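Colleague: Generate coordinates for the sequence data below:
(chains A, B, C and D)
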4 protein chains.
Amino acid sequence: MEFSYKIRYAETDQMGVVHHANYLLYLEQARIDWLEKKGISYAELEQSGIMLPVYNINIDYKQPITFGDTVKVNVERGEMHGVRIPFDYKLYNSSNELVVEAQVTLIFLSSETRKPIKCPEDLFKILNS
Amino acid sequence: MEFSYKIRYAETDQMGVVHHANYLLYLEQARIDWLEKKGISYAELEQSGIMLPVYNINIDYKQPITFGDTVKVNVERGEMHGVRIPFDYKLYNSSNELVVEAQVTLIFLSSETRKPIKCPEDLFKILNS
Amino acid sequence: MEFSYKIRYAETDQMGVVHHANYLLYLEQARIDWLEKKGISYAELEQSGIMLPVYNINIDYKQPITFGDTVKVNVERGEMHGVRIPFDYKLYNSSNELVVEAQVTLIFLSSETRKPIKCPEDLFKILNS
Amino acid sequence: MEFSYKIRYAETDQMGVVHHANYLLYLEQARIDWLEKKGISYAELEQSGIMLPVYNINIDYKQPITFGDTVKVNVERGEMHGVRIPFDYKLYNSSNELVVEAQVTLIFLSSETRKPIKCPEDLFKILNS
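Modeller: Below is the predicted model of the structure:
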């Protein structure tokens, strides 16, 4: 699935390109958008007692992206196992050049205990569909 | 009272200077530091049921500040009235040139009801000291 | 003119609402969008030697906005005079409640000299249309 | 070498802990501080024509850190080879618990050509000392 985002001026730094930390925000937005397209509101998920904090990120910066450009974020779910849900990302500029590749692993966490929990059966089915 | 902060690279934008939104973060840090020097932990204040969200900001950008520089934030409390507490700011670069002037007004809010509340007597005494 | 933006998770703070500094990013995006709808690319404007840094912001926080909501930014240009261009903003949540009001004044600056300049005639005409 | 940083309120999110993207800012600050302790100003390095953009980040989030806490960032340079310089990080909270582990690889880039370059001999000696 794909998510598009127009780069903010505030996201650049004095190198004249997007600061590397901001890509994590694009990854998060694309992930939340991915969930929504499956009919899952992350806001409601949290209210229901499940949080999905980030456990690990591995990110490769292939080439910079500039203000005025639109980044396209391609996101795919990896194999879920135990309490973890991994996502694979490819980010492209508006000329369809690969700018960033990333893997992000989230864990299912109970809002109440703040301990890892197994993904509930019905949620698992939706996420795996 | 004064608070010093070394500019982060990430806080610059492609103009080659600090992005204007980041000054609000310096104002907040200086305010929390001001409270701490009075013996008030803002973290504990929130836990005790009082929040201090921002109600109004008026900010003048006099000249830019660059990465590598240290900003000095001078903060003074204004006259408290009712549910409001105002702060006056002057920000200087390391050559002691005025870079930003700002007024920030906070309101006392109950964490529980999320409604404005009068500042508790004992807190008022400390803030006014 | 109106600009819509879906709140990012990263834009919240531990009060559970959008952190006050992030509204400045929405104002900037809406302004750049306003320019684009007039046929002006801010990226190209900068490349042509004209920068529009922020000179003053006055912002009122009426009520909070939360993750999952979409903010609608209504932006209108004020009266241009000399080197300044003011904008008036009203921000609404998805229930059409006013959440923020702001006035932002920019100045025309030469990229080369970093001094204020009068707005070029042809640009003035477009901005005033 | 170690760098300490007091968490900003603005760096939390509605989970009540530091948002995961902000750790990249701590890593960057600690790196720039590491350079400075070796007598290298990153600002001057850029002016001299050498940039050090991020090439890869691998980051493990072990446990959250909260507002009011101070993060201690332990940074060590890895083995430099070719155009790359890697850094290993361990981040601790004020109870000395490991909160984050990360590896960050930078590349030497010419400001002019924006192409990778070998690290100049004299800079290499300082970085390796």
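Colleague: got the residues of chain A near chain B?
Modeller: Within reach of chain B by Cβ under 8 Å from any Cβ of the partner chain, chain A has these residues: A:9, A:10, A:12, A:13, A:14, A:15, A:16, A:17, A:19, A:21, A:67. From N, CA and C alone the C-beta is placed, and that goes for glycine too.
Colleague: List only buried entries from the residues you listed.
Modeller: Buried subset of these (neighbour count, 16 or more other Cβ atoms under 10 Å in any protein chain shown): A:9, A:10, A:12, A:13, A:14, A:15, A:17, A:19, A:21, A:67.
Colleague: Same list, these, but as CSV with pLDDT, distance to chain C and secondary structure please.
Modeller: Shown next, in CSV, are those (pLDDT from 0 to 100; distance: Cβ to the nearest Cβ, whole Å; DSSP: H, G, I helix; E, B strand; the rest coil):
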residue, pLDDT, distance to chain C, secondary structure
A:9, 98, 6, helix
A:10, 98, 5, helix
A:12, 98, 10, strand
A:13, 98, 15, coil
A:14, 97, 13, coil
A:15, 96, 15, coil
A:17, 98, 12, coil
A:19, 98, 13, coil
A:21, 98, 10, helix
A:67, 97, 6, coil
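Colleague: now, which of these sits nearest residue A:113?
Modeller: residue A:21 (30.0 Å; Cβ to Cβ).
Colleague: got the contact list for that closest one?
Modeller: With contact set as Cβ atoms under 8 Å, 6 or more residues apart in numbering or on different chains, residue A:21 has these partners: B:10, D:21, D:22, D:24, D:25, D:28.
Colleague: Check whether residue A:3 really touches residue A:34, as I assumed.
Modeller: Yes. Contact between residue A:3 and residue A:34 holds when scored by Cβ atoms under 8 Å: they sit 7.4 Å apart.
Colleague: Quick check: neighbours shared by the two?
Modeller: Common neighbours of residue A:3 and residue A:34 (criterion: Cβ under 8 Å, 6+ apart): residue A:75.
Colleague: residue furthest from the geometric center of chain A?
Modeller: residue A:14 (25.6 Å; Cα atoms, centre = their mean).
Colleague: neighbouring contacts of stretch A:36-50?
Modeller: Residues outside stretch A:36-50 that contact it (Cβ under 8 Å, 6+ apart): A:1, A:32, A:35, A:51-52, A:108-112, A:117, A:120, A:123, A:126-127, A:129, C:9, C:66-68, D:14.
Colleague: Any chance of a PyMOL selection covering the buried ones in the residues you listed?
Modeller: Written as a PyMOL command, the selection of buried residues from the contacts of stretch A:36-50, which uses 16+ other Cβ under 10 Å, is:
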select buried, (chain A and resi 32+35+51+52+108+109+117+123) or (chain C and resi 9+67+68) or (chain D and resi 14)
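Colleague: Restricted to strands, list the contacts of stretch A:36-50.
Modeller: Among the contacts of stretch A:36-50, the members falling in strands are A:51, A:109, A:110 (criterion: DSSP state E).
Colleague: residues contacting the last one?
Modeller: Right, the one you point to is residue A:110. With the criterion set at Cβ under 8 Å, 6+ apart, residue A:110 makes contact with A:49, A:50, A:51, A:116, A:117.
Colleague: Turn the ones in strands among the contacts of stretch A:36-50 into TSV, including pLDDT and distance to residue C:61.
Modeller: Shown next, in TSV, are the ones in strands among the contacts of stretch A:36-50 (pLDDT from 0 to 100; distance: Cβ to Cβ, whole Å):
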residue	pLDDT	distance to residue C:61
A:51	96	27
A:109	97	31
A:110	96	33
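Colleague: between those residues, which is nearest residue A:100?
Modeller: The shortest approach to residue A:100 among these belongs to residue A:51, at 25.3 Å (Cβ to Cβ).
Colleague: If that closest one is in a bridge, with which residues?
Modeller: The residues listed as beta-bridge partners of residue A:51 by DSSP bridges are residue A:109.
Colleague: Residue A:75 bridge partners, please.
Modeller: Following DSSP bridges, residue A:75 is listed with bridge partners residue A:89.
Colleague: That one: how many residues sit nearby?
Modeller: Neighbour count for residue A:75, taken as other Cβ atoms under 10 Å in any protein chain shown: 21.
Colleague: picking up where we left off before, show me the two of the contacts of residue A:21 that sit farthest apart.
Modeller: Of all pairs drawn from these, the widest gap by Cβ to Cβ lies between D:21 and D:28 and measures 11.7 Å.
Colleague: which phi and psi does residue A:65 have?
Modeller: Its backbone dihedrals place residue A:65 at phi -130, psi 150, with angles given as degrees, to the nearest 10.
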